[in-house]
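Novice: The sequence and its predicted three-dimensional model are supplied below.
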Amino acid sequence: MNILTYPLGYLRLKDEDGRHLYRRNLLALVALTAIVSVPFIITDANFFDDKGFLDRIGSFSAVLTGFYIAALVGIASFSAAIGDLDEEIVVGPISREAANGGHENLTRRQYVCALFGYLSFVSLIISLGSILLIVLGGARADVLMLLKEFPRITAFASTATGLIRDAVVIICSLVVSHMFVTTCHGLYYMIDRLYHKEAEMLKKPTATASEA
């Protein structure tokens, strides 16, 4: 995989049922995407303009990027003695394609690093992408103004840009929603699973000859 898209390798990880991780919580993802995008599609709510949804989520993502990178650095530098970080995940194993074409199970450290690496990448893309889309969204009105002397072309351009706007709203809402769902998985691991230790059976001490 190209180094520029390497963090997206998280999406290629698979759970114990062989499903890619981007399919986890699919119903919640679709519902959240609909909740975010529908108001901007059926109404004229501010999505692209200054202080609109995209502007605010871009600023918020810029802050999240620092948090995700800090979490990534922290997990990568944790002591190996904490919660068996470098042991393979036993409950709910996560696997990836190995160099020999097979599959290998990830350790907790590998999984959480992949997760927060992905979140860092996505939040950075949202921050930069929001700037670009806001600029392009502002150019839409200028284009329609230039075409106002051509009614037929203006009508076609207005319909086309409207459809493109709705598509961009849905895509942006999907990316933001997936970042939210994935963050919940990351917080769950940071709060509970990262430090979890498997129960061990203690051996009963044997009696010595003098005790007998």
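Specialist: Great, that's in hand.
Novice: Could you point out the longest helix of the protein?
Specialist: Ranked by residue count, the top helix of the chain under DSSP state H comes out as helix 151-191.
Novice: Tell me which other helices or strands that one touches.
Specialist: helix 26-42, helix 53-77, helix 108-146 (3 or more CB pairs under 8 Å, 6 or more residues apart in numbering; DSSP states H and E). In this view, the C-beta of every residue, glycine as well, is placed from N, C-alpha and C.
Novice: need the contact list for Phe78.
Specialist: Residues near Phe78 by CB atoms under 8 Å, 6 or more residues apart in numbering: 85, 109.
Novice: What's the local residue count around the closest residue to Glu97 other than its chain neighbours?
Specialist: Once flanking residues are discounted, Glu97 sits nearest to His103: 6.2 Å by CB to CB, 6 or more residues apart in numbering. Other residues within reach of His103, judged by other CB atoms under 10 Å, total 12.
Novice: same thing with Asn100?
Specialist: 7.
Novice: Torsion angles phi and psi at it?
Specialist: Main-chain torsions, Asn100, degrees, to the nearest 10: phi -90, psi 10.
Novice: What's the separation between it and Cys113?
Specialist: Distance from Asn100 to Cys113, counting by CB to CB, to the nearest Å: 22 Å.
Novice: which residues touch the closest residue to Ile69 other than its chain neighbours?
Specialist: Spatial nearest neighbour of Ile69, excluding adjacent residues (CB to CB, 6+ apart): Ser120 at 5.1 Å. Residues near Ser120 by CB under 8 Å, 6+ apart: 7, 65, 68-69, 72.
Novice: got a markdown table for those, with pLDDT too?
Specialist: As requested, the contacts of Ser120 are exported to a markdown table (pLDDT from 0 to 100):
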| residue | pLDDT |
| --- | --- |
| Pro7 | 88 |
| Thr65 | 92 |
| Tyr68 | 92 |
| Ile69 | 92 |
| Leu72 | 89 |
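Novice: Neighbour-wise, which one of those leads?
Specialist: Tyr68 (24 neighbours).
Novice: isn't that one right next to Leu119, touching?
Specialist: Yes - using CB atoms under 8 Å, Tyr68 is in contact with Leu119, at 4.5 Å.
Novice: Secondary structure element holding Asp49?
Specialist: Following DSSP states H and E, one finds Asp49 outside all helices and strands.
Novice: number of nearby residues for it?
Specialist: 13.
Novice: what's the span of stretch 89-107 from first residue to last?
Specialist: 5 Å (CA to CA, to the nearest Å).
Novice: I meant to write stretch 86-95 there.
Specialist: Start to finish, the residues bounding stretch 86-95 are 14 Å apart (CA to CA).
Novice: re the thing from before, now render the contacts of Ser120 as a markdown table, adding distance to Lys51.
Specialist: A markdown table is the format used below for the contacts of Ser120 (distance: CB to CB, whole Å):
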| residue | distance to Lys51 |
| --- | --- |
| Pro7 | 30 |
| Thr65 | 21 |
| Tyr68 | 25 |
| Ile69 | 27 |
| Leu72 | 31 |
